[in-house]
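Asks: How does the following fold in three dimensions:
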Amino acid sequence: MSDGAVNVTSTGVVTTVTLDREAKRNSLTVEMLLALEEALGRIEADSSVRVVIVTGAGEAAFSSGADLDSFAGQDRDTAWRRWVPLGHRVFGRLAALPLPTIAVLNGNAFGGGLELALACDLRLAVADASVGCPEVGLGTLPGWGGTGRLVDAVGLARARQLVLTGMPIGVEQAVSWGLLTDWASRPEMTTLVETYRDQLCSRAPLAVGIAKQILGAHGEGQRRTEVLEALGSAVSVTTGDLAEGIAAFREKRTPTFKGD
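Replies: The predicted structure is shown next:
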């Protein structure tokens with residue numbers, strides 16, 4: 001296992017992104033966030049991918065969150081200008097992928113690790129995992145979209161419980177709250193992941209992608225106009241009016257629009 005790597009493997013139409021820092025419970029450094037961003041760029045450019053799985057190496061943790069040494073090395077300026085915006089950018093890019101994503105929690109997901117999982121569409125966990133937002137116990141708070149996406153997932157009252165107390169919860173409770181999608185024992189986890197993976201792969205990819213964008217517009221306020229702009233642009237490129245407008249521009253004439 002390499003220290004700090006983000007490994008990407010593909011099997012057919014499924015791409016798996018693995019946080020590969022098992023000795024450090026897959027805690028996230030700046031380098032790992034940049035590697036994850038690079039991996040997402042490759043996925044975006046590959047039209048053959050139908051489903052993305054995000055998981056962690058080993059069995060102890062999906063991700064314990066931000067690497068404490070990396071975080072402690074930030075001052076007020078770098079935390080504001082780089083650390084927090086980088087996490088927002090990378091997790092936002094994951095959330096905005098136009099194809100379904102599954103976070104497979106092979107172990108605990110705390111802090112930034114849970115925020116990473118929240119950026120995925122579905123979250124599947126092994127039975128003995130725990131999830132939570134322990135940041136207040138360290139003197140900080142969720143900083144990578146956790147407060148927004150957490151509220152979207154479980155509502156304001158439950159989000160307050162998790163964020164303000166820092167107390168973790170088990171997977172059964174997390175599923176009942178809507179924080180996790182499903183769970184299974186370790187021996188049954190592979191089958192559970194395959195069930196969701198195969199179901200997603202069997203569906204019409206364009207319909208799934210568009211449905212995902214529309215659903216996303218109900219959550220984060222900033223994303224609403226982005227989703228509408230993307231869908232509006234996708235519709236406009238199929239119109240005769242756009243073809244006429246481009247032709248008229250190239251021919252230096254006034255376009256004749258027909259509304260088709």
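
Asks: For residue 57, what are phi and psi?
Replies: phi -80, psi 150 (degrees, to the nearest 10).

Asks: Next, find the distance separating it from residue 6.
Replies: Distance of residue 57 to residue 6, given as CB to CB, to the nearest Å: 10 Å. Bear in mind the C-beta positions are built from the backbone N, C-alpha and C, glycine included.

Asks: now swap in residue 193 and tell me
Replies: Applying CB to CB, the value for residue 193 to residue 6 is 19 Å.

Asks: So between those two, which is more surrounded?
Replies: Higher neighbour count among residue 193 and residue 6: residue 6, with 23 against 20, using other CB atoms under 10 Å.

Asks: what sits against that one?
Replies: Applying CB atoms under 8 Å, 6 or more residues apart in numbering to residue 6 gives the contacts 17-20, 32, 35-36, 38-39.

Asks: Now do the same contact list for the residue nearest to residue 135 when sequence neighbours are not counted.
Replies: Distance criterion CB to CB, 6 or more residues apart in numbering; nearest residue to residue 135, sequence neighbours excluded, is residue 141 at 5.0 Å. Contact partners of residue 141, counting by CB under 8 Å, 6+ apart, are 135, 147, 163.

Asks: How about the backbone phi and psi for residue 141?
Replies: Torsion angles, degrees, to the nearest 10, at residue 141: phi -150, psi 160.

Asks: picking that back up, and the buried ones among the contacts of residue 6, selectable in PyMOL?
Replies: Filtering the contacts of residue 6 down to the buried ones (16 or more other CB atoms under 10 Å) takes a single PyMOL command:
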select buried, resi 17+18+19+20+32+35+36+39
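
Asks: Next step: the contacts of residue 6 restricted to strands.
Replies: Among these, the residues falling in strands (DSSP state E) are 17-20.

Asks: Helices along the stretch 101-250 of the chain, start to end?
Replies: In the stretch 101-250 of the chain, the helices defined using DSSP state H, counting those that start in this stretch lie at 112-118, 146-154, 156-165, 171-177, 186-201, 205-216, 221-236, 240-251.

Asks: Please identify the deepest-packed of the ones you listed.
Replies: Highest mean neighbour count of the helices of the stretch 101-250 of the chain: helix 112-118, a mean of 28 (counted as mean count of other CB atoms under 10 Å).

Asks: Check which helices and strands that one is in contact with.
Replies: Contact analysis of helix 112-118 by 3 or more CB pairs under 8 Å, 6 or more residues apart in numbering; DSSP states H and E lists strand 51-56, strand 61-63, helix 84-95, strand 101-105, strand 130-132, helix 146-154 as its packing neighbours.

Asks: anything in contact with each of residue 57 and residue 6?
Replies: The contact sets of residue 57 and residue 6 overlap at 18-20 (CB under 8 Å, 6+ apart).

Asks: Redo the contacts of residue 141 as JSON lines? Include pLDDT and distance to residue 257.
Replies: Listed next are those as JSON lines, based on pLDDT from 0 to 100; distance: CB to CB, whole Å:
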{"residue": "135", "pLDDT": "90", "distance to residue 257": "54"}
{"residue": "147", "pLDDT": "85", "distance to residue 257": "46"}
{"residue": "163", "pLDDT": "94", "distance to residue 257": "52"}
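
Asks: For residue 251, state which of these is nearest.
Replies: If you rank these by distance to residue 251 using CB to CB, residue 147 comes first, at 52.5 Å.

Asks: who touches that closest one in this structure?
Replies: Neighbours of residue 147 in contact, by CB under 8 Å, 6+ apart: 141, 159, 163.

Asks: Same list, those residues, but as CSV with distance to residue 201 please.
Replies: Formatted as CSV, those follow (distance: CB to CB, whole Å):
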residue, distance to residue 201
141, 38
159, 32
163, 35
